[in-house]
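S.K.: Build the 3D model from these lines:
(one chain, ligands or ions: 1)
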Amino acid sequence: MVYIDESYSATKIKSNSGLGHHNIDAKYITVIYNITHSLVTWSIVFWALWLIYKKPIKASYARLLHILIDIPTHSLAFFATPFLRPLSNYKFDGVPRSNKMIFIPNIIILIVLYSFYLYKKFYKAKKTKIVWIWIDKY
Ligand SMILES: [Zn+2]
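M.R.: Okay, the predicted model is just below:
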(Lines give C-alpha, C1' and ligand atoms only; values in the text may rest on other atoms or scores of the structure.)
Protein backbone atom coordinates (compact mmCIF):
# COMPACT_ATOMS: atom_id res chain seq x y z
CA MET A 1 0.00 0.00 0.00
CA VAL A 2 1.29 3.42 -0.93
CA TYR A 3 -0.07 6.60 0.52
CA ILE A 4 1.02 10.20 0.58
CA ASP A 5 1.90 11.77 3.91
CA GLU A 6 -0.08 15.01 3.98
CA SER A 7 1.42 16.19 7.24
CA TYR A 8 4.99 16.45 6.01
CA SER A 9 5.25 17.20 2.32
CA ALA A 10 3.42 16.51 -0.88
CA THR A 11 6.55 14.90 -2.29
CA LYS A 12 7.20 12.54 0.61
CA ILE A 13 5.62 9.12 0.15
CA LYS A 14 5.42 6.34 2.68
CA SER A 15 5.14 2.83 1.42
CA ASN A 16 4.16 -0.37 3.16
CA SER A 17 4.92 -3.09 0.68
CA GLY A 18 4.96 -5.84 3.26
CA LEU A 19 8.68 -5.31 3.85
CA GLY A 20 8.10 -2.60 6.43
CA HIS A 21 7.60 1.13 6.20
CA HIS A 22 10.04 3.23 4.23
CA ASN A 23 10.02 6.77 2.94
CA ILE A 24 10.56 7.56 -0.69
CA ASP A 25 11.42 11.13 -1.63
CA ALA A 26 9.55 11.24 -4.90
CA LYS A 27 9.95 14.67 -6.43
CA TYR A 28 9.19 13.17 -9.82
CA ILE A 29 5.60 12.67 -8.69
CA THR A 30 5.25 16.42 -8.20
CA VAL A 31 6.84 17.03 -11.61
CA ILE A 32 4.44 14.59 -13.28
CA TYR A 33 1.52 16.06 -11.34
CA ASN A 34 2.43 19.59 -12.43
CA ILE A 35 2.66 18.56 -16.08
CA THR A 36 -0.53 16.49 -16.16
CA HIS A 37 -2.63 18.98 -14.19
CA SER A 38 -1.86 22.06 -16.28
CA LEU A 39 -4.43 23.53 -18.65
CA VAL A 40 -1.48 24.86 -20.66
CA THR A 41 -0.09 21.36 -21.17
CA TRP A 42 -3.56 20.02 -21.90
CA SER A 43 -4.11 22.74 -24.52
CA ILE A 44 -0.81 21.99 -26.26
CA VAL A 45 -1.55 18.25 -26.37
CA PHE A 46 -5.16 18.89 -27.46
CA TRP A 47 -4.12 21.11 -30.38
CA ALA A 48 -1.27 18.76 -31.36
CA LEU A 49 -3.72 15.84 -31.50
CA TRP A 50 -6.14 17.98 -33.50
CA LEU A 51 -3.38 18.74 -36.02
CA ILE A 52 -2.35 15.08 -36.26
CA TYR A 53 -5.85 13.60 -36.54
CA LYS A 54 -7.48 16.57 -38.31
CA LYS A 55 -10.28 16.60 -35.74
CA PRO A 56 -10.65 17.19 -31.99
CA ILE A 57 -10.04 14.03 -29.99
CA LYS A 58 -13.04 13.62 -27.68
CA ALA A 59 -11.12 11.40 -25.21
CA SER A 60 -8.92 14.38 -24.33
CA TYR A 61 -11.97 16.10 -22.82
CA ALA A 62 -11.76 13.57 -19.96
CA ARG A 63 -8.38 15.02 -18.97
CA LEU A 64 -9.79 18.55 -19.18
CA LEU A 65 -12.73 17.54 -16.97
CA HIS A 66 -10.33 15.95 -14.48
CA ILE A 67 -8.27 19.14 -14.21
CA LEU A 68 -11.39 21.32 -13.88
CA ILE A 69 -12.74 19.08 -11.10
CA ASP A 70 -9.35 18.98 -9.36
CA ILE A 71 -9.06 22.79 -9.13
CA PRO A 72 -11.82 23.29 -6.50
CA THR A 73 -11.32 19.88 -4.82
CA HIS A 74 -7.69 20.20 -3.73
CA SER A 75 -6.42 22.45 -0.96
CA LEU A 76 -3.06 24.19 -0.85
CA ALA A 77 -2.02 21.67 1.82
CA PHE A 78 -2.33 18.70 -0.52
CA PHE A 79 -1.62 18.70 -4.25
CA ALA A 80 -3.30 21.98 -5.15
CA THR A 81 -3.84 21.97 -8.90
CA PRO A 82 -1.16 23.97 -10.80
CA PHE A 83 -3.59 24.56 -13.68
CA LEU A 84 -1.72 27.60 -15.10
CA ARG A 85 1.80 26.14 -15.06
CA PRO A 86 4.25 27.03 -16.50
CA LEU A 87 2.69 30.47 -17.11
CA SER A 88 1.86 31.04 -13.44
CA ASN A 89 2.39 29.24 -10.16
CA TYR A 90 -1.07 30.26 -8.90
CA LYS A 91 -3.03 27.50 -7.20
CA PHE A 92 -6.60 27.70 -5.93
CA ASP A 93 -7.13 26.75 -2.27
CA GLY A 94 -10.13 24.47 -2.65
CA VAL A 95 -12.00 22.07 -0.41
CA PRO A 96 -10.28 18.65 -0.26
CA ARG A 97 -12.14 15.58 -1.49
CA SER A 98 -11.80 14.03 1.94
CA ASN A 99 -14.19 16.71 3.26
CA LYS A 100 -17.68 15.22 3.56
CA MET A 101 -19.11 18.22 1.67
CA ILE A 102 -17.23 16.91 -1.39
CA PHE A 103 -16.91 13.20 -0.56
CA ILE A 104 -20.60 12.34 -0.06
CA PRO A 105 -21.94 14.17 -3.15
CA ASN A 106 -19.05 12.64 -5.13
CA ILE A 107 -20.11 9.12 -4.13
CA ILE A 108 -23.78 9.90 -4.87
CA ILE A 109 -22.93 11.29 -8.31
CA LEU A 110 -20.78 8.22 -9.09
CA ILE A 111 -23.60 5.86 -8.05
CA VAL A 112 -26.13 7.77 -10.17
CA LEU A 113 -23.84 7.89 -13.22
CA TYR A 114 -22.84 4.21 -12.98
CA SER A 115 -26.49 3.21 -12.49
CA PHE A 116 -27.47 5.18 -15.57
CA TYR A 117 -24.57 3.69 -17.55
CA LEU A 118 -25.37 0.10 -16.49
CA TYR A 119 -29.09 0.60 -17.10
CA LYS A 120 -28.41 1.89 -20.61
CA LYS A 121 -25.95 -0.93 -21.27
CA PHE A 122 -28.33 -3.70 -20.20
CA TYR A 123 -31.37 -2.03 -21.72
CA LYS A 124 -29.60 -1.83 -25.09
CA ALA A 125 -28.44 -5.46 -24.79
CA LYS A 126 -32.04 -6.55 -24.11
CA LYS A 127 -33.33 -4.46 -27.02
CA THR A 128 -30.74 -6.00 -29.36
CA LYS A 129 -31.86 -9.50 -28.33
CA ILE A 130 -35.47 -8.65 -29.14
CA VAL A 131 -34.45 -7.43 -32.59
CA TRP A 132 -32.59 -10.70 -33.26
CA ILE A 133 -35.60 -12.79 -32.21
CA TRP A 134 -37.77 -10.71 -34.51
CA ILE A 135 -35.31 -11.19 -37.42
CA ASP A 136 -35.25 -14.96 -36.83
CA LYS A 137 -39.04 -15.15 -37.26
CA TYR A 138 -38.96 -13.68 -40.76
ZN1 LIG B 1 -5.84 14.96 -10.40
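S.K.: how near is the residue nearest to residue 38 when sequence neighbours are not counted to residue 91?
M.R.: Nearest in space to residue 38, with sequence neighbours left out and distances taken as CB to CB, 6 or more residues apart in numbering, is residue 85 at 4.5 Å. Using the backbone N, CA and C atoms, a C-beta is placed for each residue, glycine as well. Going from residue 85 to residue 91 by CB to CB, to the nearest Å gives 9 Å.
S.K.: If you average pLDDT per helix and strand, which one of this protein comes out bottom?
M.R.: Of all helical and strand segments in the chain, the minimum by mean pLDDT, DSSP states H and E falls on strand 2-4, at a mean of 42.
S.K.: Please parse this structure into its domains.
M.R.: Following automatic domain parsing, the chain resolves into domains at 2-98, 99-138.
S.K.: got those domains as CSV, with mean neighbour count columns?
M.R.: Formatted as CSV, these follow (neighbours: other CB atoms under 10 Å):
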stretch, mean neighbour count
domain 2-98, 14
domain 99-138, 10
